[in-house]
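Trainee: For reference, the sequence and a predicted model appear below.
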Amino acid sequence: WSLEEKVGQLMMVGVDAQAPKQSSNEAVDTHHVGNIFIAGRTTAGSQATQKVISSFTSKVGPGTTHATPMLVATDQEGGEVQVLSGSGFSDIPSALDQSAQPRDQLVASARTWGKELADVGVNMNLAPVADLVDIARPASNEPIGRWGREYGHDAATVSSQAGAFAEGMQASKVIPTYKHFPGLGRVKDNTDTSAGVVDSTTTRSADTAVSVIFGAAIAAGAPVIMVSSATYSLIDPSAPAVFSSTIVTDMLRREMGFSGVVITDDVSAAVQVQDVSAGDRAVRAIRAGCDLVLASADPTVAADMVKALIATARSDPAFAARVDESATRVLNLKKSLGMCIRREGSNLGRRRADHVIGRAGSDLSEAWWCPAMFRWTRCAWPGSGRSRSPGRRTRHWPGRRRSRYHPAESPTSRRCRRPATDWCR
C-alpha cells in the first residue's frame, strides 16, 4: 500500500444522488478516495440510484483504491432525513415515530429498509441518531429535536430503539452508525449552519446521554460511531469534538472501550469548522483519533484534505502511524462485510479456488471458497453485478491475470480473472 492509497481509505467524499460533481469523480480517480457518501435528496427510485452508485464503485481498481471495495454510505434515518426515496424505497417514519413501535417490530422494519439500501449497493447508513434530547422544549434543539430525529426523551428508550434500528440494518448487511457522540440533543444551534455551537451540559462521566446510550451501543458491538463537531465545555472547551483527542481518544476509546471506526460529522461545509482550513480539518480530525473524514456536503475540498494528510504523514512519523492505525480499522470494517481486501505479497501458489456465483438479496454477488480461510465466504468484489445463475462455478487459475476484475466480462467465458494476490480474510 502506498501512503496515498492509505490516506484515500480515510476519506469519504460526497456524491450527489442525482448529478454527481466532477470533484467527486476526481477524488476517486486522482486522489484514491476509497469511500463515498450519497448526498442530497432524490425521488428517482432504486434503479436510478443504483446506476449512480455503480458509476463510482466501477472505478475500484489497482490504480484508484488499491482494488479495495468502497464503503457506500448515505443518510437514511427517516422523516425529514431520508436521502433516497421513490420506487423501491419505503417512506421511513421519523425516529420519534419509529420509537413508538414495539422493539421487535422496529427491528423488522429496519431490516426491510436496510435491504432496500443493500439492493442498490449502499452498505453503510449514517444512522441511527443516538442523541438524547432531554431538555424542556425538545423543538428548541435545532439539529435533532426540531425535526423529530430523536428516538425518545429518556436514555433507556433511546438506547433500546436506536439499538433496534441498528440491529435491523446489520441483519441486512448494512453498517449502522451511531451519532453524534457525545450528543447533540442539548445544544441550541445546528453545527451545519451555525458557528460557536457549544454544549455546556454534557459531562465526561455519569451522564446518561453518554454512559447509557453510547455505552450500551459499544457493549452491543457498535461498528461505527460518528463524532459531533460541537464543542463540549465541560469535557474539552478547547476544540470541537471532532478535533479533540480528549473526547475521541481518551474518552471514547480508552475510557469507554470503543475499538471500532470513528467517523467525523461533515467537516466539508459545516459552518462550525469553517474557521479552520479544509486541509487542517482533516489533519486535526485524524490526529484526534478519528478514522474516517466525512466530506459529504462539499466534495470540492476533498482534494485539499487528501493533500494535507499526505504532507503531514510524510513529515511526521507519529502522524503516519496514526494513518496506518486508522487505515487498518477501515479495512477491518470492510472485511466485516465480507469484502475482498487485497494483501500485498500473498500468493495462492498453484492452488485452485472454486468460485460460486450467487445472489445476496436481489444484488448479484459471489460466495467463494477461500483457501486462506478454508470455508465458503461472501465477496463484495466490484463488477460482480453481471447476471449469473446461482451455483454456477468458475475456476480460479492464479497465473491468469488478463484482468483484475471479477467476474469475466464475457458471458460465454467462465474463466475467473481474480489475481492471486487477492485474498478474502
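Mentor: Nice, thanks for sending it over.

Trainee: from here on, contacts and neighbour counts on C-alpha atoms
Mentor: Noted.

Trainee: What are the contacting residues of stretch 284-298?
Mentor: 9-15, 37-39, 242-246, 248-249, 261-269, 282, 301-302, 319, 322-323, 326-327, 329-330 (CA atoms under 8 Å, 6 or more residues apart in numbering).

Trainee: Take those residues and keep only those in strands.
Mentor: 11-15, 37-39, 261-264 (DSSP state E).

Trainee: Now for those residues, which sits with the most neighbours around it?
Mentor: Using other CA atoms under 10 Å as the neighbour criterion, residue 13 leads these with 33 neighbours.

Trainee: thought it was touching residue 302?
Mentor: Yes - the criterion here is CA atoms under 8 Å, and residue 13 meets it with residue 302 at 6.7 Å.

Trainee: show me where the stretch 251-400 of the chain has helices.
Mentor: 278-288, 302-315, 317-336 (DSSP state H, counting those that start in this stretch).

Trainee: closest to residue 127 out of the ones you listed?
Mentor: Proximity to residue 127 (CA to CA) singles out helix 317-336 among these, at 16.3 Å.

Trainee: Figure out how far that closest one is from the centre of its chain.
Mentor: 14 Å (CA atoms, centre = their mean, to the nearest Å).

Trainee: and that helix with helix 302-315, angle?
Mentor: 120 degrees (axes from the mean of the first three to the mean of the last three CA atoms, to 10 degrees).

Trainee: Residues in contact with helix 317-336: which ones?
Mentor: With CA under 8 Å, 6+ apart, helix 317-336 has contacts from 6-7, 9-10, 69-71, 223, 260-261, 286-287, 289-292, 312-314, 341, 424-425.

Trainee: Buried members of those residues into PyMOL, please.
Mentor: To isolate the buried subset of the contacts of helix 317-336 in PyMOL, counting by 16 or more other CA atoms under 10 Å, use the following:
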select buried, resi 6+7+9+10+69+70+71+223+260+261+286+287+289+290+291+292+312+313+341+424+425
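
Trainee: For the stretch 251-400 of the chain, which residues score under the pLDDT cut-off?
Mentor: 340-400 (pLDDT under 70).

Trainee: thinking again about what came up before, want to try JSON lines for the helices of the stretch 251-400 of the chain, with distance to residue 111 as columns?
Mentor: Output for the helices of the stretch 251-400 of the chain, formatted as JSON lines (distance: least, CA to CA, whole Å):
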{"stretch": "helix 278-288", "distance to residue 111": "32"}
{"stretch": "helix 302-315", "distance to residue 111": "32"}
{"stretch": "helix 317-336", "distance to residue 111": "18"}
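
Trainee: out of those, nearest to residue 19?
Mentor: Among the helices of the stretch 251-400 of the chain, the nearest to residue 19 by CA to CA is helix 302-315 (17.6 Å).

Trainee: The closest one: which residues count as buried?
Mentor: Residues of helix 302-315 classed as buried: 302-310, 312-313 (neighbour count, 16+ other CA under 10 Å).
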